[in-house]
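1. The sequence and its predicted three-dimensional model are supplied below.
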Amino acid sequence: MGYFDAASGVPLHSVARQALMASLDEGWADPARLYREGRRARMLLDAAREAAAEAVGCRADEVVFTASGTAAVHFGIAGALAGRRRVGRHLIVSAVEHSSVLHAGEVHQAGGGSVTEVAVNREGAVVPSGYAEALRPDTALACLQSANHEVGTVQPVAEVAEVCRAAGVPLLVDAAQSLGWGPVEGDWSLLTASAHKWGGPSGVGLLVVRKGVRFAPQGPADERESGRAPGFENIPAIVAAVASLRAVRAEAAEEAVRLRQLTERIRTRVPQLVPDVEVVGDPERRLPGIVTFSCLYVDGETVLHELDRTGFSVSSGSSCTSSTLMPSHVLKAMGVLSEGNVRVSLPPGTQEEDVERFLSVLPGVVADVREKLGAPTPAPATVEEDVLVVDTLGRRCPVPVIELAKVIGKVPMGGLVRVLSDDEAARLDIPAWCEMREQEYVGEEPADRGTAYSIRRTS
């Protein structure tokens, strides 16, 4: 079997399991109490805080334990924005942040604040100058992930932190995907992470607020965690989370080399084994275990189901999934193909034979899905003013691109094809198809129903 969705979460590390069981008998009491049981619980919590600080590279009194990574993000953004309210209410985020950051930005905007999204390149990375251009006199906070959760691209955190520091603006780094591999470099101000990403138990988040950062916790006052995260601390889970972080860090250097070799094999061989595939994300500056690719003419939901039937658990940013009819905001921001998207994220310990078996079954799965989707009756095509018009209204990804591919060879060189579609994914997938197939994407315009996408045949 192949569990290849480590970017979503990894199984509990053996060290975490041992630490959790060992601390259940000692960490159940209220660490704020002065009696013996409370003191024992406090000792466990303090030791975990010290170890977490060492792993992050900060002071112990800067570490806050929360009930999840999402809670850490929400508390961190809200508290930092409130602490700098006198400066202004402008927030900067990258266009590929985790949804927890973007949702916090939406709440901030709904409350009267403003948000600027910094664009990324086709590999999914921001350019530090993009943050410099987005900074304003009323900027209260900037956010940037350390590495992307969908395509694995590592962001230039240190360079962006320098830009923000020079402007006197704190930078919050979402380090959920990368903290298990090593500390985040740069002069950042706040950091968040989640234990289930590195083999700790779910329900433990990490929020770090550097000394000197103006921070005003939001919500009802609570005496726990310096008032920055409400609720009784889950000490056994916290101890297990920190123990597993230290354990995976000890293994990280060696494991990173091994997983990079395996993901590089996938990056290289998938385009050789499966035609019409785009491998996305930065080929060099990326996390060790993540590789993402998109397949033309494929229904992403069906691919995931078929791979699951063969024993492989993967995820997708495709718009063709049951969870959403919209393409992934990450793939959309990158301007890459979204249909038939597959994210493979290898957990530590993945064996070479598991990867080889995945590569052996993938071509057949994609071919079968393509055969099924290629069978429908071709979309109606008409000629209007020497333009071939293909009507795919009411049909979903990847049908608009399939029908475009069917007719492009029927028009003369330099001729135009206009695809009518009301599927939001077409806005991303048709230009991406044109780039992959070396055709000219002319543009889009509103139609009586949906949108008309124009393509000129150039090859």
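-> Everything's here; your move.
2. Now I455: which helix or strand?
-> Secondary structure assigned from DSSP states H and E places I455 in strand 451-456.
3. Same check on D368?
-> Using DSSP H and E, the element containing D368 is helix 352-374.
4. try Q109
-> Taking DSSP H and E as the definition, one finds Q109 inside helix 99-110.
5. quick revisit: which other helices and strands contact the strand holding I455?
-> Secondary-structure packing of strand 451-456 (3 or more Cβ pairs under 8 Å, 6 or more residues apart in numbering; DSSP states H and E): strand 416-421, helix 426-437, strand 440-446. C-beta: built from backbone N, CA, C; applies to glycine.
6. what's the helix holding Q109 packed up against?
-> Packing partners of helix 99-110 (3+ Cβ pairs under 8 Å, 6+ apart): helix 69-83, strand 90-94, strand 114-118, strand 139-145.
7. The same query, at a cut-off of 10 Å, please.
-> Where contact means 3 or more Cβ pairs under 10 Å, 6 or more residues apart in numbering; DSSP states H and E, helix 99-110 is packed against helix 69-83, strand 90-94, strand 114-118, strand 139-145, strand 171-174, strand 190-194, helix 329-334.
8. quick one: V342 is in a strand?
-> Yes. Under DSSP: H, G, I helix; E, B strand; the rest coil, V342 falls within a strand.
9. list the contacts for it?
-> Counting by Cβ atoms under 10 Å, 6 or more residues apart in numbering, V342 makes contact with 4, 266, 270, 277, 291-295, 298, 300, 303-304, 307, 312, 314-318, 362, 365-366.
10. Okay, buried residues for stretch 97-114 please.
-> Using 16 or more other Cβ atoms under 10 Å as the test for burial, stretch 97-114 gives 97-98, 100-102, 104-105, 108, 113-114.
11. Can you name the two of those residues that sit furthest apart?
-> For these, the maximum inter-member distance is 20.4 Å, found between H98 and S114 (Cβ to Cβ).
12. For E106, which non-adjacent residue is spatially closest?
-> Nearest residue to E106 in three dimensions, chain neighbours excluded: V115, at 7.9 Å (Cβ to Cβ, 6 or more residues apart in numbering).
13. burial count for the closest residue to W433 other than its chain neighbours?
-> The shortest distance from W433 to any non-neighbouring residue, by Cβ to Cβ, 6+ apart, is to V401 (5.0 Å). Neighbours of V401 under the rule other Cβ atoms under 10 Å: 29.
14. C164 now?
-> 26.
15. Contacts only, for it.
-> By Cβ under 10 Å, 6+ apart, the contact set of C164 is 92, 128, 131-132, 135, 139, 141-142, 144, 170-172, 186-189.
16. Can you point out the buried residues in stretch 445-459?
-> Within stretch 445-459, the residues scored as buried using 16+ other Cβ under 10 Å are 447, 450-457.
17. Which members of the residues you listed are the farthest-apart pair?
-> Pairwise distances among the buried residues of stretch 445-459 were taken by Cβ to Cβ; the largest, 22.1 Å, belongs to G450 and R457.
18. now the nearest residue to G317 once chain neighbours are set aside: how far from L304?
-> Once flanking residues are discounted, G317 sits nearest to S328: 3.1 Å by Cβ to Cβ, 6+ apart. S328 sits 14 Å away from L304, going by Cβ to Cβ, to the nearest Å.
19. The stretch 251-400 of the chain: helices as residue ranges?
-> 300-309, 329-334, 352-374, 399-407 (DSSP state H, counting those that start in this stretch).
20. closest to G443 out of those helices?
-> helix 399-407 (14.7 Å).
21. per-residue pLDDT, the residue nearest to R59 when sequence neighbours are not counted?
-> Leaving aside its sequence neighbours, R59 sits nearest to A53 (Cβ to Cβ, 6+ apart; 5.9 Å). At A53, the pLDDT value in this model is 98.
22. Now for A53, how many residues are close by?
-> Neighbours of A53 using other Cβ under 10 Å come to 17.
23. Between the helices and strands packed on strand 451-456, which has the poorest mean confidence score?
-> Checking each of the helices and strands packed on strand 451-456, the one with the poorest mean pLDDT is helix 426-437, at a mean of 88.
24. mind saving the C-alpha coords of that one as CSV?
-> Below are the C-alpha coordinates for helix 426-437, written out as CSV (Å, rounded to 0.1, in the frame of the first residue of the first chain):
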residue,chain,number,x,y,z
ALA,A,426,-11.5,26.7,-18.4
ARG,A,427,-10.1,30.1,-17.6
LEU,A,428,-7.0,28.5,-16.3
ASP,A,429,-6.8,25.2,-18.3
ILE,A,430,-7.3,26.6,-21.8
PRO,A,431,-4.3,29.0,-21.6
ALA,A,432,-2.2,26.3,-19.9
TRP,A,433,-3.1,23.8,-22.7
CYS,A,434,-2.1,26.4,-25.3
GLU,A,435,1.3,26.8,-23.7
MET,A,436,1.8,23.0,-23.5
ARG,A,437,0.7,22.4,-27.1
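25. can you list the domains in this structure?
-> Per the record, the chain has its domains at 9-248, 251-374, 381-456, by automatic domain parsing.
26. Kindly check the end-to-end length of the longest one for me.
-> To tie it back to what came earlier, the one meant is domain 9-248. In domain 9-248, first residue to last residue: 14 Å (Cα to Cα, to the nearest Å).
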